[in-house]
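[1] I need the structure of the sequence given here:
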Amino acid sequence: MLMKRFIAFCDSLCPIRKCARGRGYETCGACCEMESCPKLAMITANNRQALSNLKGEL
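    Below is the predicted model:
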């Protein structure tokens, strides 16, 4: 299993990460609401590659 490390902000303060963890996901990539999420749109609106990365598309 691949272990990912997150900086302190991501692990405890980031609203996107907190939402994913609150729903039981390691990242929001597994969430069925990912593409319409207003929290995630803060990132993906300006970076479509971020959305592709979360979907596992390389």
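[2] okay, now residue 20: neighbour count?
    22 (other CB atoms under 10 Å). In short, each C-beta sits where N, CA and C put it, glycine included.
[3] Excluding residues flanking it in the chain, which one is nearest the residue positioned nearest the centre of the chain?
    By CA atoms, centre = their mean, the chain has its centre lying nearest to residue 28, at 3.8 Å. In space, and not counting its chain neighbours, residue 28 is closest to residue 20: 4.2 Å by CB to CB, 6 or more residues apart in numbering.
[4] Report the separation between residue 21 and residue 12.
    Noted for residue 21: a distance of 10 Å to residue 12, by CB to CB, to the nearest Å.
[5] more crowded one of those two?
    residue 21 (15 against 11).
[6] Distance check, the more buried one against residue 45.
    Distance from residue 21 to residue 45, by CB to CB: 22 Å.
[7] same thing with residue 13?
    Residue 13 is 21 Å from residue 45, by CB to CB.
[8] same deal with residue 23?
    On the measure of CB to CB, residue 23 and residue 45 end up 21 Å apart.
[9] just to revisit the earlier point, where does the residue nearest to residue 28 sit: helix, strand or coil?
    Of the three states, residue 20 takes helix under DSSP: H, G, I helix; E, B strand; the rest coil.
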